[in-house]
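Visitor: Pasting the sequence and the predicted coordinates here, then a few questions.
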Amino acid sequence: MSEEEKAPADAGAPPVPGWPAESAQRQEKARALRALGVETYPTRFERTHRLGEVVEAYGGQTLEDHEALAVDVRVAGRVLTKRGHGKASFATLGDGESRLQVYVRSDDVGESAYEIFDLVDLGDFLGVAGRVMRTRKGELSVQARTIVVLAKALLPPPEKWHGLVDVELRYRQRYVDLVANPDVRSVFLARTVILRELRRHLDAMGFVEVETPTLHTLIGGAAAKPFETHHNALDMDLFMRIAPELYLKRLVVGGFDRVYEIGRCYRNEGISTRHNPEFTMLELYRAYATYETLMGMAEEMLRSVDDGLARAMPAEHARWKSDRPFVLDEPFARVPMRDAIGRALGRAHLTDDVLVRIGKDPSAIKSWAGCSDRAKAIDWSNFHKAATKADSGGEREFLTYEYLVEPFLPEDYRSRSGDKSLPVFIVDYPFETSPLARRSDVDPTRVDRFELFVHGRELCNAFSELNDPEDQAARFQAQVDKKARGEDETMDYDEDYIRALEHGMPPAAGLGMGFDRLAMMLTCQPSIRDVILFPLLRPEK
């Protein structure tokens, strides 16, 4: 058989269109490797150690500890650096968790293997069998006896693995981002730890984790615009769930006293640093509890999860904790909405007539904005526009809170030292803005509800649950009436849920928390996209 007949079928294949020149060179090297009989994408390579295990086990040994270092290992990783000196070369392997140098010498691996090593590029995966050693400069290394190409990278890495700084490219090519930016990997490891610690804490409290449908026949559980889909076999229009609330409360009716779900939810809303159309939410329900019970539970849960993160990732946690603009180890503020509005009005040198005239008297905005520097910072235009659509005093009160209070929570509520902000529970909302919450026994214009804000970001929403089927039916009907008037973000009338309540639901309280926002908060990330591995992006042009 001629040499041409032995050549791989793709030996003369042209470079992939649009690839950089270096990629064409890498294709040539791949063909050269196959011509030498090397399988560039082999099935397996059995490791004896991760790179970090070698570093941990032998990193303390000195150059003089020849016997202790003389251990045979089989390691593998991506080639991050490579430099050669005649018949001897060095490469640094990385496996995401750690890095380790390998020393490749022609006399040790043989001329043919050394020729193969010459065809290895940065980004390739390499398996190495050899002996642990230290170089004359004292660097821990593996002296190779055998090298195996495990995967040929046909695209070059970012320059020195630190060239991927374009934010959108980082989100789009997360597989490169994770290699190029070690801190990114730490954030996603932290996300996993936070999820594990959250489950551990809730399981220890006797909560049961369940799964409920993500395809719903009705819009319910929250006021938001859903994604719509269609089931072909049943010829049914369906909605991707915006919250699991109503199904979880059905389980409380059925006898699950403490129940939770951590799962994906979908809302057809805008994208921002705090919003992604697909996100992860924790929802929990606890029978025989009130929203006040859940305030204490939320504080305890956040500190417990953060302590778990500190144990699992001490170095990274210390850095994140230092960088946080807030504290978790002091009692959180608990402020009724009316009190928060009154305090904000005073700080802006405004009076209560804002609540009455906003949305009705645009001429007053100019005088209000001139009352103080704080008043100038208020988004009066959008506040007025939203208030024109308010149907009640309760809705206007809530909007006043949203525009006059919420943006200023970090500066109004401070830690004891004053250098960081304090998490804030805003409690006792107007009943018109909370269609699933129980009315207050003290003031029927209020509901037993809180939202938790950490440095101005909403993290939790919770309330004592409404378990009166007649009251719930009336509130569902109010939502239907709003929809008829053209409101987008409303719930449907859920007859089956009313039927469930008619079978009797015990007093209960529920909490919903954006898990992505929790991960952002604890790891000091500026955008929700920084804690979602593959956030939604526009298609590439």
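Guide: Noted; the coordinates are in hand.

Visitor: buried sites along stretch 283-302?
Guide: 283-287, 289-292, 294-295, 297-299, 301-302 (16 or more other CB atoms under 10 Å). C-beta coordinates here come from the backbone N, C-alpha and C atoms, glycine included.

Visitor: Any chance you could give me it in CSV, C-alpha atoms only?
Guide: The C-alpha coordinates for stretch 283-302 follow below in CSV (Å, rounded to 0.1, in the frame of the first residue of the first chain):
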residue,chain,number,x,y,z
GLU,A,283,-40.4,28.6,46.9
LEU,A,284,-41.3,27.1,50.3
TYR,A,285,-44.5,26.8,52.3
ARG,A,286,-44.7,26.1,56.0
ALA,A,287,-48.0,25.3,57.7
TYR,A,288,-48.9,26.8,61.0
ALA,A,289,-46.4,29.7,60.4
THR,A,290,-46.9,33.4,59.7
TYR,A,291,-44.9,35.8,57.6
GLU,A,292,-43.2,37.0,60.9
THR,A,293,-42.0,33.4,61.4
LEU,A,294,-40.5,33.4,57.9
MET,A,295,-38.6,36.7,58.5
GLY,A,296,-36.6,35.0,61.3
MET,A,297,-36.2,31.9,59.2
ALA,A,298,-35.0,33.9,56.2
GLU,A,299,-32.3,35.6,58.3
GLU,A,300,-31.2,32.3,59.7
MET,A,301,-31.2,30.6,56.3
LEU,A,302,-29.0,33.3,54.6
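
Visitor: Excluding sequence neighbours, find me the nearest residue to residue 50.
Guide: Leaving aside its chain neighbours, residue 50 sits nearest to residue 95 (6.2 Å; criterion: CB to CB, 6 or more residues apart in numbering).

Visitor: try residue 295
Guide: That would be residue 425: by CB to CB, 6+ apart, it lies 5.5 Å from residue 295.

Visitor: residue contacts, the one you found?
Guide: 295, 332, 333, 334, 335, 450, 451, 452 (CB atoms under 8 Å, 6 or more residues apart in numbering).

Visitor: ranking the residues you listed by neighbours, who comes first?
Guide: residue 450 (28 neighbours; other CB atoms under 10 Å).

Visitor: I'd guessed that residue sits against residue 464; true?
Guide: No: contact criterion CB atoms under 8 Å: residue 450 and residue 464 do not qualify, at 9.8 Å.

Visitor: any common contacting residues for those two?
Guide: With CB under 8 Å, 6+ apart as the test, residue 450 and residue 464 both reach residue 291.

Visitor: which element follows whatever helix or strand residue 343 lives in toward the C-terminus?
Guide: Secondary structure from DSSP states H and E places residue 343 in helix 337-347. Reading on from helix 337-347 to the C-terminus, the next helix or strand found by DSSP H and E is helix 353-357.

Visitor: averaged over its residues, what pLDDT does that following helix have?
Guide: For helix 353-357, mean pLDDT rounds to 89.

Visitor: ok so, going back, can you flag which of the contacts of residue 425 belong to helices?
Guide: Counting by DSSP state H, the part of the contacts of residue 425 found in helices is residue 295.

Visitor: Tabulate the contacts of residue 425 in TSV, adding columns for distance to residue 80 and pLDDT.
Guide: Shown next, in TSV, are these (distance: CB to CB, whole Å; pLDDT from 0 to 100):
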residue	distance to residue 80	pLDDT
295	48	97
332	44	98
333	47	97
334	51	97
335	51	97
450	49	96
451	46	97
452	42	98
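
Visitor: Columns distance to residue 349 on top of the contacts of residue 425, output as a markdown table?
Guide: Output for the contacts of residue 425, formatted as a markdown table (distance: CB to CB, whole Å):
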| residue | distance to residue 349 |
| --- | --- |
| 295 | 31 |
| 332 | 28 |
| 333 | 23 |
| 334 | 26 |
| 335 | 20 |
| 450 | 28 |
| 451 | 26 |
| 452 | 29 |
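
Visitor: of all the contacts of residue 425, which comes closest to residue 181?
Guide: residue 452 (30.7 Å; CB to CB).

Visitor: Might you report the residue contacts of the closest one?
Guide: 298, 332, 423, 424, 425, 458, 459, 460, 461, 462.

Visitor: Pairing partners for it in the sheet, please.
Guide: Counting by DSSP bridges, residue 452 is bridged to residue 425, residue 460.

Visitor: Could you do residue 514 as well?
Guide: Residues in beta-bridge contact with residue 514 (DSSP bridges): residue 281.

Visitor: shouldn't it be in contact with residue 283?
Guide: No: using CB under 8 Å, residue 514 is not in contact with residue 283, being 10.5 Å away.

Visitor: before we move on, back to that, could you point out which of the contacts of residue 425 is nearest to residue 481?
Guide: residue 451 (25.2 Å).

Visitor: I'd like the distance between residue 188 and residue 534.
Guide: Distance, residue 188 to residue 534, by CB to CB, to the nearest Å: 11 Å.

Visitor: ok, these two, which is more surrounded?
Guide: Neighbour comparison, residue 188 and residue 534: the larger count goes to residue 188, with 18 against 11 (by other CB under 10 Å).

Visitor: what helix or strand does the more buried one sit in?
Guide: Secondary structure (DSSP H and E) places residue 188 in helix 182-204.

Visitor: Can you name every helix or strand that that helix contacts?
Guide: Applying 3 or more CB pairs under 8 Å, 6 or more residues apart in numbering; DSSP states H and E, one finds that helix 182-204 contacts helix 174-180, strand 208-209, strand 258-266, helix 291-312, helix 314-323, helix 515-523.

Visitor: make it 7 Å
Guide: Contact here means 3 or more CB pairs under 7 Å, 6 or more residues apart in numbering; DSSP states H and E; on that basis helix 182-204 packs against helix 174-180, helix 291-312, helix 515-523.

Visitor: Determine how far that helix lies from the middle of the whole chain.
Guide: Here helix 182-204 shows a centroid-to-chain-centroid distance of 10 Å under the convention CA atoms, centre = their mean, to the nearest Å.

Visitor: Stretch 457-466 now?
Guide: 20 Å.

Visitor: Please pull out the lowest mean pLDDT helix or strand from the protein.
Guide: In the chain, no helix or strand scores lower on mean pLDDT, DSSP states H and E than helix 3-6, which sits at a mean of 36.

Visitor: quick revisit: between the contacts of residue 452, which is nearest residue 383?
Guide: Using CB to CB, the contacts of residue 452 come closest to residue 383 at residue 458, 17.9 Å.

Visitor: Report the separation between the closest one and residue 300.
Guide: Distance of residue 458 to residue 300, given as CB to CB: 19 Å.

Visitor: Please indicate which of the contacts of residue 452 are buried?
Guide: By 16+ other CB under 10 Å, the contacts of residue 452 give 298, 332, 423, 424, 425, 458, 459, 460, 461, 462 as buried.

Visitor: Would you convert these into JSON lines that also reports distance to residue 491?
Guide: What follows is these, written out as JSON lines (distance: CB to CB, whole Å):
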{"residue": "298", "distance to residue 491": "24"}
{"residue": "332", "distance to residue 491": "30"}
{"residue": "423", "distance to residue 491": "29"}
{"residue": "424", "distance to residue 491": "27"}
{"residue": "425", "distance to residue 491": "25"}
{"residue": "458", "distance to residue 491": "19"}
{"residue": "459", "distance to residue 491": "23"}
{"residue": "460", "distance to residue 491": "20"}
{"residue": "461", "distance to residue 491": "15"}
{"residue": "462", "distance to residue 491": "18"}
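
Visitor: so which of those residues would you say is closest to residue 192?
Guide: Nearest member of those to residue 192, counting by CB to CB, is residue 459, at 19.2 Å.

Visitor: hang on, the closest one packs against residue 518?
Guide: Yes: assessed by CB atoms under 7 Å, residue 459 is found in contact with residue 518 at 6.4 Å.

Visitor: Residue ranges in the stretch 1-150 of the chain under the pLDDT threshold?
Guide: For the stretch 1-150 of the chain, the stretches with pLDDT under 70 are 1-20, 63, 65-68.

Visitor: If we use 50, what do you get?
Guide: Judged by pLDDT under 50, the stretch 1-150 of the chain has its weakly predicted residues at 1-18.

Visitor: The stretch 351-500 of the chain too?
Guide: For the stretch 351-500 of the chain, no range has pLDDT under 50.
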